[in-house]
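Undergrad: please find the sequence and the predicted model below.
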Amino acid sequence: MLYGAHESVRDGLHLALPRATLDGCKAVQIFTKSSGMWREPFLTEEQVRLFREARAAFAGPVMAHTSYLINLATDKPDLLKRSVDALVAELLRSSALGVDFIVLHPGAHLGLGEDDALSRVAECLDEVHARAPSASAQILLENTAGQGSCVGHTFEHLGAIFERTETRARLGVCFDTQHAYAAGYELSTVEGYKKTWEEFARTVGMDRLRAFHLNDSKKPLGSRVDRHEHVGEGNLGLAFFWRLMNDPRFADIPGVLETEPEEGAERAYAREVGVLASLVGGKEPAPKPVFALELSPSR
């Protein structure tokens, strides 16, 4: 796998790429704008030039994560319009910078209902693609943990969006490992790992998988809570990541960490990227321990 991390764009978008190189990344993800604001930045020709020069020097794939405010699943007109406009802007901006993929949470239905929300997401994606017909970046739908009314936490949801989107050839999937586990997909066991990918292949299609978010889980299986943990330190366990990193199906697919960077470290992800690197071709780690409860003798 082309492993890497979500790097900071502090002091300039282009600086994320040399940071990724210092951390040993073979892929990188960034925000091209503030993830919690609607305001769209204006990129100067100089900013684009600097980023493209850094992009040319970085050999691996580059991903951008869209704003967390975007919600294509809502029936609230004002929010929907702002969301579509923001996604068009992200698609055009990322394409101008030479970014390969932009990762999108499908959204929350907020009472609309899941099935109608999935159709709404598909309609919006078609509108976005129509408004940016020559954009080179590809939108990747990210599976979600299933919090609240968010859609996209089942593979059936993702499959339905692809089926209902006319411009589906311009879409792909970014598979978040923590989200899948929190949504109920048992990836931490050998049998569960096998069944999960069989179900993904059947309902979504392996050919649509373009990227990974490599996050362990603070929360247990099926919790439907989005809480990332460092690789090997959560409920998924190191053996899962060893299995994933050595799966030949994913040899050329980018996978990025979205965990907290090491505070104060110049190389913020060097240690955790090093953990991923050590798993490639290495010995299988012991499975995560299972703690049995001590039961009191029956009376």
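TA: Alright, I've got the coordinates.

Undergrad: any idea how far stretch 249-267 is from the chain center?
TA: 12 Å (C-alpha atoms, centre = their mean, to the nearest Å).

Undergrad: now the terminal residues of stretch 62-73, how far apart.
TA: 26 Å (C-alpha to C-alpha, to the nearest Å).

Undergrad: now do the buried residues in the helix ranked longest in the chain.
TA: Secondary structure assigned by DSSP state H gives helix 77-97 as the longest helix of the chain. Neighbour-count burial for helix 77-97, counted by 16 or more other C-beta atoms under 10 Å, picks out 79-80, 82-84, 86-97. C-beta: built from backbone N, CA, C; applies to glycine.

Undergrad: show me where the stretch 1-150 of the chain has helices.
TA: 16-22, 45-57, 77-97, 114-131 (DSSP state H, counting those that start in this stretch).

Undergrad: elements contacting the first one?
TA: Applying 3 or more C-beta pairs under 8 Å, 6 or more residues apart in numbering; DSSP states H and E, we find helix 16-22 packed against strand 27-30, helix 45-57.

Undergrad: that older thread, output the longest helix of the chain as PDB, nothing but the C-alphas.
TA: Extracted C-alpha coordinates of helix 77-97, given in PDB (Å, rounded to 0.1, in the frame of the first residue of the first chain):
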ATOM      1  CA  PRO A  77     -32.600  24.200   0.200                       C
ATOM      2  CA  ASP A  78     -30.100  26.800   1.600                       C
ATOM      3  CA  LEU A  79     -27.800  24.100   3.000                       C
ATOM      4  CA  LEU A  80     -28.000  22.000  -0.100                       C
ATOM      5  CA  LYS A  81     -27.100  24.900  -2.400                       C
ATOM      6  CA  ARG A  82     -24.200  25.900  -0.300                       C
ATOM      7  CA  SER A  83     -23.000  22.300  -0.200                       C
ATOM      8  CA  VAL A  84     -23.200  21.800  -4.000                       C
ATOM      9  CA  ASP A  85     -21.400  25.200  -4.500                       C
ATOM     10  CA  ALA A  86     -18.700  24.200  -2.000                       C
ATOM     11  CA  LEU A  87     -18.100  20.800  -3.600                       C
ATOM     12  CA  VAL A  88     -17.900  22.400  -7.100                       C
ATOM     13  CA  ALA A  89     -15.300  24.900  -5.800                       C
ATOM     14  CA  GLU A  90     -13.300  22.100  -4.100                       C
ATOM     15  CA  LEU A  91     -13.300  20.000  -7.300                       C
ATOM     16  CA  LEU A  92     -12.100  23.000  -9.400                       C
ATOM     17  CA  ARG A  93      -9.500  24.100  -6.900                       C
ATOM     18  CA  SER A  94      -8.100  20.600  -6.400                       C
ATOM     19  CA  SER A  95      -7.900  20.100 -10.100                       C
ATOM     20  CA  ALA A  96      -6.100  23.300 -10.600                       C
ATOM     21  CA  LEU A  97      -3.600  22.200  -7.900                       C
END
